[in-house]
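> What follows is a predicted structure for the sequence shown.
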Number of protein chains: 2
Amino acid sequence: MTRIVVDAMGSDSFPTPDVQGAVMAAREYGVEIILVGDETKIKPALAALSAADLPIRIVHAPGMLSMEDKGEKLALKARHKDADNSMAVGIDLVKKGEADAFVTAGNTGAAMVTALFRLGRIRGVERPALAGPFPTGTGYCVVLDIGANPDCKPENLLQFGIMGSIYAEKVRGVSRPKVGLVSNGEEEGKGNELVKEATQLFRQSSLNYFGNVEGKEVLGGKVDVAVADGFVGNVMLKTSEAVAALLIAKIKESIKSGGPLAMLGGVLVKPALSKIKKLLDPSEEGAAPLLGVNGLVFIGHGRSDAIAIKNAVRVAKNASEARVLDAIKSAIEESLKKQPQP
Amino acid sequence: MTRIVVDAMGSDSFPTPDVQGAVMAAREYGVEIILVGDETKIKPALAALSAADLPIRIVHAPGMLSMEDKGEKLALKARHKDADNSMAVGIDLVKKGEADAFVTAGNTGAAMVTALFRLGRIRGVERPALAGPFPTGTGYCVVLDIGANPDCKPENLLQFGIMGSIYAEKVRGVSRPKVGLVSNGEEEGKGNELVKEATQLFRQSSLNYFGNVEGKEVLGGKVDVAVADGFVGNVMLKTSEAVAALLIAKIKESIKSGGPLAMLGGVLVKPALSKIKKLLDPSEEGAAPLLGVNGLVFIGHGRSDAIAIKNAVRVAKNASEARVLDAIKSAIEESLKKQPQP
């Protein structure tokens, strides 16, 4: 039975959504759940859910990371051998082989740093990357890096492409995933220095390289994986969220101010709009994997609800059962053999 | 009377929208129009519009730039003293002082290169930038650079901020425009190396510096100007367009497939949706100014219609009458005095 650690102290409204989502996942997906966090908080949340029949156990981790833990302070806490916060304790369970994956809706920076320090990187991976699923209307495009590395080298982008391709293949079930490089124009030759240099590496790689992509190729589902440095990927993510939010808000506002007929129309199209909202809802996909660290770590939105946590556990289970980590290890080794690093 | 040159060969469906928009502008805004391009094509288009009473004249420019003109080939054409394409001829009219601004819906790259070669840069400006208006729900945020410079130095970003601030103040009528730096997180300290270095320059400048911004601040109207390198700005623009297109398409699809009630609702909310579409429509703003070249140049979308061309002429007129060029010259000079370049 696949064993997933869920950070009970992760989401903005912890521990309720986190515990509830974990219980739902145990029930629906037949996974074993390990809840980490302050057991004085977890126990009552769990007791309310009549989950005694499910394979769920608690590992006590009384310490708390806060939004104030950043920079040096965070690094110290993330690295400390005896760290007792839920992220450190949960990730250690994965490291010791007592669990197969770690899921958190906590602070992204803290989760990345903790995972990096405690699990280390996969041999040959220079920079782990956070891989975000972008809705395409027909499915998802894996965009990476969406925020782990604001400054990258061309070799980093190639490794992001390799890891993203494995993830799309193993977890999303895409054969020979098409991999694009995010650029300021889809035409060949467009790009900043980084993208132009990376293009050479992608061409020589064994990836199914598609070429340059813009927003319309990513959101139009023309590629399965889109590679960018963590600055650009993050700007794409935040811009997408902001445009969608603005549009939905404006539609509601226009309908409300459009008089009684528009209001009636609004009532009638409500199910359609809900469908759209669901399409854009990050909770449908649950969480973004941090690819390249030596263990499976999934990081969700702070505002994750129980459904988002449940879905994150499902994705973590799929990744574990598809042996994504081993596949990434082999692919990176292969690529390094072919293309000796300078 | 302000004199605006309109490239009659610019838009994808030239010369009809270009000529029609120019005529509408002459009628509505009381500007003098100079149409440049192939007069055998312009004359019939103009004749169809009964515009004989308007101050419109044609300057013949028989040559054509095509999408194949790029790189070296484009540079040669853009630079050539006797170049007879509509962009070169039109921009020369501005250079010679025979017109106050140039408006084109032609190839962006060609327009930028032609303007740069023929007008040169404003003294002290290292890199001209294309400034795109992003809809915010309550107005517009000027984002620059949206594509002229894929690789930038911190000093370039500062100059973009200065030019964007002047533009927002003079053309959009914002006093003390708030200027943000696009980053991978709104928190202080977030950013790639470029943004972190630029932050120091912005802090020391006399700009009304807001701090880091993400998509939600730009589209939420929290700042009047958002500064990014041309790669990042372009990714923001293309991502915004793609998300809006996906969303509108999905809404239509959901309404269509939602049964008769949803269809009826769709009919009733149609005016509201049209309002949204208008909000996101680039033709409402017409065109993006290329700031930093020594003359007023506005570049519109290839798919501009007559309304977009008309609006572009209006914006060009406003910029000319507000003496944006002189204001940018003084502001750049001031900033160089304060902050001697290395």
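All right, it came through fine. Numbering: from 1, shown residues only, chains lettered A, B, ... in the order given.
> can you give me the strands in chain A?
Applying DSSP state E to chain A gives strands spanning A:3-7, A:32-37, A:56-60, A:101-104, A:129-135, A:140-144, A:178-182, A:208-213, A:225-227, A:288-291, A:296-299.
> Using CSV, lay out those strands together with mean neighbour count and distance to A:V171.
All C-beta atoms are positioned from the backbone trio N, CA, C, and that covers glycine. Putting the strands of chain A into CSV (neighbours: other Cβ atoms under 10 Å in any protein chain shown; distance: least, Cβ to Cβ, whole Å) gives the following:
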stretch, mean neighbour count, distance to A:V171
strand A:3-7, 29, 14
strand A:32-37, 25, 20
strand A:56-60, 17, 24
strand A:101-104, 32, 12
strand A:129-135, 27, 10
strand A:140-144, 27, 9
strand A:178-182, 25, 15
strand A:208-213, 20, 17
strand A:225-227, 32, 12
strand A:288-291, 27, 8
strand A:296-299, 28, 10
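> Switch the ones you listed over to JSON lines; also include distance to A:I328 and mean pLDDT.
Shown next, in JSON lines, are the strands of chain A (distance: least, Cβ to Cβ, whole Å; pLDDT from 0 to 100):
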{"stretch": "strand A:3-7", "distance to A:I328": "19", "mean pLDDT": "98"}
{"stretch": "strand A:32-37", "distance to A:I328": "23", "mean pLDDT": "98"}
{"stretch": "strand A:56-60", "distance to A:I328": "27", "mean pLDDT": "97"}
{"stretch": "strand A:101-104", "distance to A:I328": "14", "mean pLDDT": "98"}
{"stretch": "strand A:129-135", "distance to A:I328": "11", "mean pLDDT": "92"}
{"stretch": "strand A:140-144", "distance to A:I328": "12", "mean pLDDT": "94"}
{"stretch": "strand A:178-182", "distance to A:I328": "14", "mean pLDDT": "98"}
{"stretch": "strand A:208-213", "distance to A:I328": "16", "mean pLDDT": "97"}
{"stretch": "strand A:225-227", "distance to A:I328": "13", "mean pLDDT": "98"}
{"stretch": "strand A:288-291", "distance to A:I328": "7", "mean pLDDT": "96"}
{"stretch": "strand A:296-299", "distance to A:I328": "10", "mean pLDDT": "97"}
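> Tell me which of the ones you listed approaches A:L264 most closely.
With Cβ to Cβ as the measure, strand A:129-135 is the member of the strands of chain A nearest A:L264 (29.2 Å).
> close enough to count as contact, A:D38 and A:P62?
Yes. Between A:D38 and A:P62 there is a contact under Cβ atoms under 8 Å: 5.3 Å.
> more crowded one of these two?
Set A:D38 next to A:P62 and count neighbours by other Cβ atoms under 10 Å in any protein chain shown: A:D38 wins out with 20 against 14.
> List the contacts of that one.
Residues near A:D38 by Cβ atoms under 8 Å, 6 or more residues apart in numbering or on different chains: A:8-9, A:15, A:60-62, A:64, A:86.
> give me the subset of the residues you listed touching chain B.
Checked against chain B using Cβ under 8 Å from any Cβ of the partner chain, the contacts of A:D38 give no members in range.
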